[in-house]
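Participant: Here is a sequence together with a model predicted from it:
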Amino acid sequence: MENKDQKKVDDVFENRKNEQLENYRVDNKSKKLTTNQGLKVSDDEHSLKAGDRGPTLLEDFHFREKMTHFDHERIPERVVHARGYAAHGVFQVYESMSEFTKAKFLQDPAVKTPVFVRFSTVAGSKGSSDTVRDVRGFATKFYTEEGNYDLVGNNIPVFFIQDAIKFPDLVHSFKPEPHNEIPQASTAHDTFWDFIANNTESAHMIMWAMSDRAIPRSYRMMEGFGVHTYRLVNAEGKGRFVKFHWKPVLGVHSLVWDEAQKIAGKDPDFHRRDLWEAIEMKNYPEYELGIQIIEEVDEFNFDFDVLDPTKLWPEEKIPVKIIGKMTLNQNVDNVFAETEQVAMHPGNVVPGIDFTNDPLLQGRLFSYTDTQLIRLGGPNFHEIPINRPVCPFHNNQYDGYHRMTINKGPVAYHNNSLQNNDPSPATEEEGGYVHYQEKVEGRKIRKRSESFEDHYSQAKLFWNSMSNVEKKHIIKAFRFEVGKVKSKDVQQQVVNVLSNIDSTLAEEVAKGVGAAVPAGSSPSEVTESSPALSQLNTKAVPKTRKVALLAADGFHAEEVAAVLEELEKSGATTHVISQNLGMIKSLDGKELEVNGTLLTEDSVLYDALYVAGGESSVEKLAAQKETKMFLQDAFSHFKAIGIGKEALPVLKAAGIPDGLEPVSSVPGLIIYQKWEEKGRFAKELTDAIPLRHWDRQL
Ligand code: HDE
C-alpha cells in the first residue's frame with residue numbers, strides 16, 4: 001500500500017516545478033481558522049459590537065483584516081488576453097536538436113521539462129465568454145535547468161501589424177468603444193473595421209480571424225504558433241531562422257458560428273471546462289512541437305521578408321520538423337495564484353534561442369515586463385511561485401514591493417572585492433547567455449522596409465487554400481462582422497480592401513453588407529495554395545469527443561449497450577440526457593443513470609447526438625420541445641446524429657428529412673431502421689462523431 005502511494009506521489013511530482021510549488025501549497029482541511037498573524041479566531045460570523053444592536057468597534061482586528069483583504073483582492077486584468085485558462089505539463093524532445101540549438105532542454109529525449117501553458121482570448125474582459133470570435137493566445141513557460149523559456153504565441157501564425165508601435169492603436173480599435181464601452185469581446189464594430197480598412201498590413205491576418213480558426217472547438221484542438229521569426233543558435237555559434245509550431249494530436253477543429261454564439265450564453269466557460277475536465281479524466285491534451293528552419297544564407301530567397309510577422313512560411317516549401325511533445329497533465333490548484341499571476345514574456349530565452357529584428361518582436365520585448373510591473377504590483381513578480389525558475393537565481397536586484405528572498409551580506413553591487421566579485425557572470429561555456437552577434441548598421445529612421453509592403457499575396461494564398469465550405473464560412477463571418485458596422489463608409493472601405501485579395505470574396509461580402517465592389521479593382525494574382533492551411537486536411541478521431549444520449553424510460557437496452565460499448569472503445573464520452581435526473585429504465589428493467597436533463601443540457605455543448613431507440617422512450621422524448629431543439633441544432637450545426645430503433649418520429653417532429661432509401665442518404669445521419677445490425681449502427685455513428693457533415697442540404 002505504502003509503495004503504491006509512494007508511486008502516486010512520484011507520478012504527481014515527476015517534475016521539479018511541481019516539487020517547488022509543493023512548498024507553497026496550503027491545505028485548509030482540518031485546520032483552525034486564524035488571522036494572518038496566526039492567531040486563532042473564535043467567531044467568524046459576528047463583528048465585534050458595542051451591545052447586540054450597537055455599532056461595530058474599530059478594535060475588531062479580525063473584521064478589519066478580513067475586510068481589508070477583500071477590498072484589495074483584485075488586480076488589474078491583463079490589458080489584452082485577460083480571459084485565460086492554464087494547466088501544468090511536461091515537454092520532451094524526440095531527439096537531440098544539437099544540430100540547430102544548444103538549448104539544453106532540446107538535447108536529451110530523457111529529460112522532462114516542466115511547462116505551464118496559458119490559453120486565452122484576446123479582446124474580452126476576464127469575465128467574457130470563451131467561444132467568441134477571436135484569436136487565441138497559446139503561451140508556454142518551459143521551466144528549464146537554464147532558466148525559464150517562454151514561447152508566447154497565438155493560434156494564428158501571423159499578426160495584424162508589422163511594427164509594435166501600432167499595437168496600442170490596434171488594441172484600442174478592437175476593445176469596446178471608449179464612449180459607451182460596447183461591444184464586449186467582439187470585433188464586430190466600427191472602430192475595429194475602420195482600423196482594418198485603413199491599415200492594410202492586417203489583410204492577411206483578418207482572413208484568418210474571419211476563418212474557422214477564430215472559433216476553435218477546444219483549446220485541445222487548435223494549433224499554436226510563435227508567429228515571429230526567432231533564431232536558433234548551436235554550440236558552434238551557427239544561427240538559423242526558426243518559426244515554432246504546436247500541432248495538436250487531436251487535430252484542428254472548430255465550432256460553427258451559430259453554435260459558438262449559443263455556447264457563449266449556455267456555457268461561457270466552455271473552453272476552460274473542456275480543458276479542466278479532459279485533464280481530470282486523464283485525457284491529457286498533447287501537442288507536438290514543430291520547427292521550420294531557414295538558413296541565414298537563404299534570408300532573401302523568398303517572396304516574403306522573413307522578418308515580417310504578417311507572413312507565414314508555407315509548410316509545403318519549408319516543412320515543419322516535428323521535434324517533441326508536450327503533455328498537459330495537471331490542473332492548477334488555484335487559478336488566481338497560478339493562471340492569473342503567471343507572467344509570460346517573449347524575452348525570457350535560454351542559450352541557443354535568440355531574437356531577430358522583427359519589429360513586432362522587438363517591441364514585445366519591452367512591453368511584457370512593463371505590463372507585469374503594473375499588473376503584479378512591482379519588480380519582484382519573478383518570485384511569485386508560478387514564475388520562479390526551477391534553477392537557482394542570484395543577482396544584485398534586491399528590494400522592491402513584496403520581496404520574498406532574504407539576501408545575505410552587505411554586498412549588492414558588481415564589481416566587488418568584498419565578496420570575491422560574487423555573484424559573478426558566467427562564461428559562455430558555463431552557460432552564460434551571449435547574444436547572437438548579428439551585424440547591424442543603418443541610419444536612425446522611422447520607416448518600414450519596402451520588403452514589408454506586399455499586404456495581399458498571402459491573404460490570397462490563405463483564401464486559395466480554403467475548401468469551399470471554409471470559404472463560405474469566411475464570407476459569412478465578414479458579412480456578420482462588417483454587417484454590424486454602422487458606418488456605410490467603413491463598410492465600403494472594407495470591401496475595397498477585400499477587392500485587392502479576391503473578387504468572389506469582395507463581391508459576396510459587398511452583397512451581404514450592401515456595398516459595391518470598386519470598378520477596376522485588381523485582386524492579387526497569386527494562384528498557389530497551401531493545403532496545410534485547410535482544416536479539412538486535419539486528423540479527426542472520436543477520442544474525447546462528447547456525445548449526448550437522449551433517452552427516457554422504455555429505451556432499447558440492447559441497442560444502447562452496443563452503442564455505449566463502441567463509444568467507450570473509441571474514447572468518446574457519453575452523457576445520458578433525459579427529462580429528469582435520477583435513473584431511467586428500459587422495458588426489460590436495465591437501468592441507466594441520467595447525467596443531465598433536457599433543461600440543463602443543450603445540443604451545442606456536445607459533438608454528436610444519439611436518440612436511443614425504444615417506442616415508449618421515444619414517445620416521451622417527442623413530447624418535449626427541447627428534444628426538437630436538440631435535433632434541429634445538431635442537424636444545422638452539421639453534427640453526427642444517431643437515430644435508434646423506432647426513434648424516427650423524433651426526427652420527423654424536428655422537421656429533419658430522414659433520406660431513407662433504405663439507408664439514410666443524409667450525411668452524418670445514421671438511422672437504425674431497416675436492418676438489425678446494431679453493431680454496424682454503433683460503428684457508423686462512432687466514426688461520424690468527430691466530423692462535421694458539411695454536405696448536408698440546409
Ligand atoms: Fe501580446 N501582450 N503583445 N502578443 N500576448 C500581452 O502581456 C503585446 C502579440 C500574447 O497568457 C500582454 O502579460 C505587444 C503577438 C499572449 O499571460 C502585453 C504586442 C502575440 C499573451 C502584450 C503583442 C502575442 C499576450 C498583456 C505587439 C503572438 C497572454 C498581459 C508588439 C505571438 C500571455 C501580459 C498570458 C499578452 C503586449 C503582440 C501573444 C500588454 C506590445 C504577435 C499569448 O504585454
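Facilitator: Cool, got the structure.
Participant: what's the residue of the stretch 551-698 of the chain at minimum distance from the ligand in contact with, if anything?
Facilitator: Of all residues in the stretch 551-698 of the chain, residue 605 sits closest to the ligand, at 25.3 Å by Cβ to the nearest ligand atom. For every residue, glycine as well, the C-beta is placed using N, CA and C. Taking Cβ atoms under 8 Å, 6 or more residues apart in numbering, we find residue 605 in contact with 263, 266, 267, 270, 546, 548.
Participant: Tell me where the stretch 151-300 of the chain has strands.
Facilitator: 224-225, 230-233, 239-248, 286-295 (DSSP state E, counting those that start in this stretch).
Participant: correction: the stretch 1-150 of the chain
Facilitator: 84-93, 113-121, 136-144, 147-154.
Participant: Tell me which of the ones you listed sits most buried.
Facilitator: strand 113-121 (a mean of 26; mean count of other Cβ atoms under 10 Å).
Participant: For it, which helices and strands make contact with it?
Facilitator: With contacts defined as 3 or more Cβ pairs under 8 Å, 6 or more residues apart in numbering; DSSP states H and E, strand 113-121 has these neighbours: helix 16-22, strand 84-93, strand 136-144, strand 321-331.
Participant: how big is the angle separating that strand from strand 321-331?
Facilitator: Using axes from the mean of the first three to the mean of the last three Cα atoms, to 10 degrees, the inter-axis angle of strand 113-121 relative to strand 321-331 is 80 degrees.
Participant: Give the pairing partners of strand 113-121; include direction for each.
Facilitator: Paired neighbours of strand 113-121 in the sheet (DSSP bridges): strand 84-93 (antiparallel), strand 136-144 (antiparallel).
Participant: Just the CA atoms of the first one, as CSV, please.
Facilitator: Yep, that's strand 84-93 we're talking about. In CSV, the C-alpha atoms belonging to strand 84-93 read as follows (Å, rounded to 0.1, in the frame of the first residue of the first chain):
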residue,chain,number,x,y,z
GLY,A,84,-7.4,32.7,-19.9
TYR,A,85,-7.0,29.3,-18.5
ALA,A,86,-4.0,27.2,-17.8
ALA,A,87,-2.5,23.9,-16.9
HIS,A,88,0.7,22.2,-16.0
GLY,A,89,2.5,19.6,-18.1
VAL,A,90,5.8,18.3,-19.4
PHE,A,91,7.7,18.6,-22.6
GLN,A,92,10.1,16.1,-24.1
VAL,A,93,12.2,16.4,-27.2
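Participant: So is that strand next to the ligand?
Facilitator: Yes. Against the ligand, strand 84-93 shows contacts by Cβ under 6 Å from any ligand atom at residue 84.
Participant: give me the beta-bridge partners of the residue in the chain that the ligand sits nearest to?
Facilitator: Scanning the chain for proximity to the ligand using Cβ to the nearest ligand atom identifies residue 137 as nearest, at 2.7 Å. Residue 137 has these beta-bridge partners by DSSP bridges: residue 120, residue 154.
Participant: Touching, it and residue 154? I think so.
Facilitator: Yes. The criterion here is Cβ atoms under 8 Å, and residue 137 meets it with residue 154 at 5.9 Å.
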